[in-house]
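Asker: Sequence first, predicted coordinates after that:
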Amino acid sequence: MITPILVYFIIFAYLPMVGMWLAFTKFDFRLGFFKSPFVGLKNFQYLFKSGIFSRLIRNTVLYNVAFLLGGNAAQILCALFLSDLPSKRFVKISQSIIFLPYFISWVLVGLFSYALFNIDNGVINTIFRSLGLSEYNFYLKPQAWPAIIIAIQIWKGLGYGSVVYLSVISGIDQEIYESARIDGASKWQQIANITLPMIKATFVLLVMFNLGSILKGQFQLFYQLVGNNGLLFNVTDIIDTYVYRSLVVNFDIGMGSAAGVFQSVFGCILVLSVNALVKRFSEELALF
Amino acid sequence: MKRVVVILLILLTAFTAFARGGSEVSATKASSDNPFDTYVELIMYSSGSSGKDTAAVLAQFNTLLREKYNTTINVTNLGWDNYNNQYQLILTTGEPADLMYVNPNLYGMYAPNGAFKDLTDLFAQYMPTVSSYFSDGELAQVKVDGRLYMIPSYETNFSQNGIFYRLDLAKKYGLGEIDSLKAFEAYASTIAANERGMRVIDGNPEQTLFQLFKATYGFESIAGSNTSIIMVNGYDDIHTIIAYPFTDAYVEWAHRMKEWALKGYWSSNALSSTMDPWSSIQVGTSAITQANADGAKNMMGYMASKLPHSESAYWSLANLTGYSYINPVTENGYAVPASSPNGERALRILEAIKTDQRLFDLWMYGIEGRHFSLTEEGNLIKPALGVDPATVNAHSMSGAQYAMRVQTLMRNDEGVWDGYDDLIARLQSIAVLNKFGAVSIDYSDVQAELAAVNQVVKQYGHPINIGIVDNVDAAIAEYRRQLKTAGIDRLLGAVSEQMEQYYIRNAIH
Amino acid sequence: MKTTAISIRPDSGTKSFTLLGYGVMAIITIICFVPFWLIVAASISDEATILREGFKLWPRTVSLDAYRSIFQGSKALLHSYLVTIFVTSVGTLLALLLTSMTGYVLIRVDFPHRNGIAFFIYFTTLFSGGVIPTYILFVKYLALKNTVWVLILSCLLSPWNIFLMRNFMKSIPYSLVEASKIDGANDLQIYTAVMVPLSKAGLATVGLFIALNYWNDWYHASLYITQEALYPLQYLLYRMLSNAEYMKQAAAAGIFLDTVSLPSETLKMATALVVTGPILLLYPFVQKYFVKGIMIGSVKG
């Protein structure tokens, strides 16, 4: 039963992994894939050249952690409400609408956020001015951006993510709730004692999947919101945007692959250790 | 875990066994008496998009080509979004392809790495007429280590930029035409102070200001990319290669930019603005935009239809430098991928099209009587006279057309802008040899430095360039420090060295 | 719905929960709706007005130019719809079948290698060889360039969906599997008679994700499809957009030959809607599986 799946992954995922070899070569079209000269770790150098690499790692990791925690908290909250509000009509409409941002491309999100935050005729500054408050030049000051970026990411993933939790909640046996109610448990107690424990496995699954890609980032999110505004880079630059800026003028196959390999190795080590840790506490929750 | 490693190793060896080794460069077949004996379909790749009518035009073109030369061309336009990606895939995997459009960027990326066939001897052999158009000096511009990897287009056009601006607004405030940086400043300040709902530049001004900067101080860009911060100190001072952020001129300019920004020439949020300056001038939120001579001509047409009550004028930056450049021949061309089995035929067919007005007209302008008519002098009227413009779809193949251009057969449009001919005549009269337009620097030894420097320029340079940093001097100091860390000195050294070799090779003084 | 049959007077906790729930969800819904409305409004606006005045909740001038330029090549558009619908439906069915089977195998405690295989599958999310080797594989060895199969195959299985499926199936009481086994059902029968009916919510969720993934995928088309007849919807529109964008700039740089003027801002908006529309229609069908308590009847039966 599982054979076709294994074959699929061998052919379409494992075979192409030889491509990581490119990260260690200087590619030459005449020589092709395996005969291009081996250059060791030279392709990785540019990552460290600027001396800001540790900051990039910090930003990338912190953003991903914030996306993970904030995103899941919001999604769980929505799922809890949506699964329990009495008006089915309201639930249906609301559920459909919170899925809409998922379909809005990052390009459009970028356009909207400029319309919202710019100093000249941005919505927020217009409101500030009409209230007699002093204006706030978002695009010159980095402080507000982490919050903005995290909020937008949560907003965009809300519908998609809450569907996962909704379907898990809908799978919980109703009898458990009924007996809890008969025992006099309040709504909040039911949530805390029944629902949340039941969705724990899903949350752990999400965490594990995100850890593997903790150094990878939503390139489009950052690129469309911040673009080439260097003033904001200190707090908005992640590895992917840095690599993009470095290579956009002069793309090099080897250097492009090198960044990916670095991110993967880091993620792999992290996941393996966290999985081992999780396994200690609960065999059930571990991924493998 | 151990098992996974074993599986991986097995897969790796398996893949190695059947992965492609070196590229097989097929030798050109011994030619029989008639080189067009067998039918060949040439596969061509190009950047950009095709027009709605292009398929119909190509069908007609191919019928004609087949009759005459027993050949057809299958053109694939790879779009503007991902032709870079596709080129990489096609060339790395050695897919069948016979002709590929190249611009300096693509050429610089692939020619030194062996992706294209060496055409040094084949050019004259199979394209005797076209190759005779080029002087040795011109061909030298396209050579990489003395070898030729592309068939360049042959044309004269002026790439130099200029400021395209709203003359009606100047007149409104009693100002004359822009003829100096000072006049530009006066114009811009007036707009910024008086025109509500308008900026001098609405959108990101970086590129426009960079052109102004270069022209003001006479710095010359090298090696294709405009964003590269390494430049030649001056047209006559060719041995001084500089990184401009380290010059005094830059400090002066940066202060001026801060002043301009404070006066409101552009928004302090301009770096993040998604508005492009070409659109914004057409809808009346910008007063200027940058354009080269041909771009200005197009712009005149657009402005007439979009803002009919406005009046526009054009100030070429050649006025600041005192000389103009004719585009180097590296601008556009065709390369033959190393894996092409039909290299010889491809060159013969290029020669045919570039010397046959009928084939050339079809390829470039479409079907006569539909897409164009000719005036008595042989100028183009588009679309054809007596055809309802609404029924004519565009014929265009972008890159595939730029590369086909050959001056001997090219036609002019019936004029939209009276000033155009004067402008060209003036640019022609002050044209000088483009000493730095054809350099292609091999960055392979300084890849890491180049990448790091490019990113520093974006992060630290651009905010200074558009004057939105608080303290200009501190920002420049930081910028310089970051550039040093990124390895600007090594990069500068590498470029200087290669420039010297380039000057010697091409006898440039 | 069984829950409604049992009437228990709402306590104050339930009341506050409900009240808070409506409040929070109403706000979130509005925040999610406004941008979408702006897109609708902008898509029917006039290009110049958008550029000059920015986004408005209510368009002052109405222009259908953007839609006109999308539907101009309506044959190509229709074609691309067919391609996308084919890829999405065939791909989703196939993927759902394989994904759910894998999920099932991975929860069977009597299957000895399940952890090894789980790792084998998960590992592919960590490392990838990049575009080039995959391209060589599809184009040179499988000769799938310019076929719909390449679009189906490249998104067929995702580790995330497999693990999500496994997670859903884990919540089904394992005693049911054991009971059926004692009744003499073989593995395939357990899968079709027990697992599939009991994991409807899971199948709906994973199916939705797979379908969305197929529907939205323009990237693989940009790599493997160069024939216009095989463009899926998303890629066709993506190309239309990037070309409009480019022509605008190229015209000013003097390298474009034809003077065409295309709406590009409003086009962005209109394409967003054309692309989103059909998949939104699908959503209500999936939604009904997310109702609390849907499982209860089946477990009892």
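Answerer: Good, I have the coordinates. Numbers count the residues shown, from 1 in each chain, chains lettered A, B, ... in the order given.
Asker: count of neighbours near the residue of chain B found nearest chain C?
Answerer: Here the residue of chain B nearest chain C is residue B:294; by C-beta to the nearest C-beta that distance is 2.8 Å. To be clear about C-beta, it is placed using only N, CA and C from the backbone, and glycine gets the same treatment. Residue B:294 is flanked by 19 other residues according to other C-beta atoms under 10 Å in any protein chain shown.
Asker: what separates it from residue C:222, distance-wise?
Answerer: 30 Å (C-beta to C-beta, to the nearest Å).
Asker: what's the answer for residue A:101, then?
Answerer: Distance of residue A:101 to residue C:222, computed by C-beta to C-beta: 24 Å.
Asker: Any stretches of the stretch 201-350 of chain B with poor pLDDT?
Answerer: B:223-227, B:328-330 (pLDDT under 70).
Asker: can you rerun that using 50?
Answerer: Along the stretch 201-350 of chain B, segments meeting pLDDT under 50 span B:226.
Asker: what ranges do the helices span in it?
Answerer: Here the stretch 201-350 of chain B has its helices, by DSSP state H, counting those that start in this stretch, at B:206-217, B:248-263, B:277-283, B:293-306, B:318-321, B:343-355.
Asker: residues contacting residue 84?
Answerer: Using chain A here. A:187, C:17, C:18, C:21, C:292 (C-beta atoms under 8 Å, 6 or more residues apart in numbering or on different chains).
Asker: right idea, wrong chain: chain C
Answerer: C:214, C:215, C:232, C:233, C:234.
Asker: hmm, try it at 7 Å
Answerer: When contacts are counted by C-beta atoms under 7 Å, 6 or more residues apart in numbering or on different chains, residue C:84 touches C:215, C:232, C:233.
Asker: Which residue, neighbours along the chain excluded, lies closest to whichever residue of the stretch 101-250 of chain A sits closest to chain C?
Answerer: With C-beta to the nearest C-beta, the shortest gap between the stretch 101-250 of chain A and chain C falls at residue A:186, namely 3.4 Å. Nearest in space to residue A:186, with sequence neighbours left out and distances taken as C-beta to C-beta, 6 or more residues apart in numbering or on different chains, is residue C:13 at 3.4 Å.
Asker: sorry, back to before: my guess is the residue of the stretch 101-250 of chain A closest to chain C contacts residue C:15. True?
Answerer: No - Residue A:186 is not in contact with residue C:15 according to C-beta atoms under 7 Å; the separation is 10.3 Å.
Asker: So for these two, which residue has more residues nearby?
Answerer: residue A:186 (16 against 11).
Asker: Distance check, that one against residue C:20.
Answerer: As judged by C-beta to C-beta, residue A:186 and residue C:20 stand 13 Å apart.
Asker: Can you measure across stretch B:128-139, start residue to end residue?
Answerer: Length of stretch B:128-139, first residue to last, C-alpha to C-alpha, to the nearest Å: 14 Å.
Asker: what does that stretch contact?
Answerer: With C-beta under 7 Å, 6+ apart as the criterion, stretch B:128-139 contacts B:123, B:124, B:148, B:154, B:329, B:351, B:354, B:355, B:406, B:506.
Asker: try stretch C:128-144
Answerer: A:15-20, A:22, A:257, A:260, B:89, B:92-93, B:95, C:145, C:150, C:223-224.
Asker: returning to what we had before: give me every residue that touches the residue nearest to residue A:186.
Answerer: Neighbours of residue C:13 in contact, by C-beta under 7 Å, 6+ apart: A:186, A:187, A:188.
Asker: who in the stretch 251-400 of chain B is up against chain A?
Answerer: By C-beta under 7 Å from any C-beta of the partner chain, the part of the stretch 251-400 of chain B that sits against chain A consists of B:267, B:268, B:269, B:271, B:272, B:273, B:274, B:338.
Asker: repeat that for 6 Å
Answerer: Residues of the stretch 251-400 of chain B lying close to chain A (C-beta under 6 Å from any C-beta of the partner chain) are B:267, B:268, B:269, B:271, B:272, B:274.
Asker: okay, these in TSV with neighbour count and distance to residue B:260 next?
Answerer: TSV is the format used below for these (neighbours: other C-beta atoms under 10 Å in any protein chain shown; distance: C-beta to C-beta, whole Å):
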residue	neighbour count	distance to residue B:260
B:267	25	12
B:268	19	11
B:269	21	15
B:271	25	15
B:272	24	18
B:274	15	22
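Asker: How are the helices of the stretch 1-150 of chain C distributed by residue range?
Answerer: According to DSSP H, counting those that start in this stretch, the helices that the stretch 1-150 of chain C contains are C:12-43, C:47-53, C:65-71, C:74-107, C:114-126, C:131-136, C:148-154.
Asker: what's the closest of those to residue B:312?
Answerer: helix C:47-53 (16.8 Å; C-beta to C-beta).
Asker: Tabulate the CA atom coordinates of the closest one in CSV.
Answerer: Taking C-alpha atoms only, helix C:47-53 is exported to CSV below (Å, rounded to 0.1, in the frame of the first residue of the first chain):
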residue,chain,number,x,y,z
GLU,C,47,-6.6,52.9,-14.2
ALA,C,48,-5.6,56.6,-14.1
THR,C,49,-7.9,57.3,-11.1
ILE,C,50,-6.3,54.5,-9.1
LEU,C,51,-2.8,55.8,-9.9
ARG,C,52,-3.7,59.3,-9.1
GLU,C,53,-6.0,58.9,-6.0
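Asker: circling back: of the helices of the stretch 1-150 of chain C, which is nearest residue B:423?
Answerer: helix C:47-53 (28.1 Å).
Asker: can you list contacts of the closest one?
Answerer: Contact with helix C:47-53 is made by B:279, B:283, B:285, C:42, C:61, C:263, C:265, C:266, as judged by C-beta atoms under 6 Å, 6 or more residues apart in numbering or on different chains.
Asker: The third one: what's it in contact with?
Answerer: With contact taken as C-beta under 6 Å, 6+ apart, residue B:285 is in contact with B:198, B:202, C:52.
Asker: Give me the nearest residue to it, chain neighbours excluded.
Answerer: The nearest residue in space to residue B:285 (C-beta to C-beta, 6+ apart) is residue B:202, at 4.2 Å.
Asker: go on, the first one?
Answerer: Of all residues beyond its chain neighbours, the one nearest residue B:279 is residue C:51 (5.6 Å), with distances taken as C-beta to C-beta, 6+ apart.
Asker: For the one you found, give its distance to residue B:269.
Answerer: From residue C:51 across to residue B:269, the span is 16 Å (C-beta to C-beta).
Asker: per-residue confidence at the residue of chain C found nearest chain A?
Answerer: Here the residue of chain C nearest chain A is residue C:129; by C-beta to the nearest C-beta that distance is 2.8 Å. On pLDDT, residue C:129 comes in at 80.
Asker: cool, and residue C:262?
Answerer: For residue C:262, the predicted pLDDT is 58.
Asker: Number of residues surrounding residue B:75?
Answerer: Counted with other C-beta under 10 Å, the neighbours of residue B:75 add up to 21.
Asker: any idea how far it lies from residue A:118?
Answerer: 43 Å.
Asker: Check chain C and tell me which residue is nearest its centre.
Answerer: Taking C-alpha atoms, centre = their mean, the centroid of chain C lies closest to residue C:212, which sits 0.9 Å from it.
Asker: which one is that residue nearest to, not counting chain neighbours?
Answerer: residue C:279 is the one closest to residue C:212 (C-beta to C-beta, 6+ apart), at 6.6 Å.
Asker: next one: residue B:386
Answerer: residue B:373 (8.0 Å).
Asker: what about that neighbour, which SS state?
Answerer: strand (DSSP: H, G, I helix; E, B strand; the rest coil).
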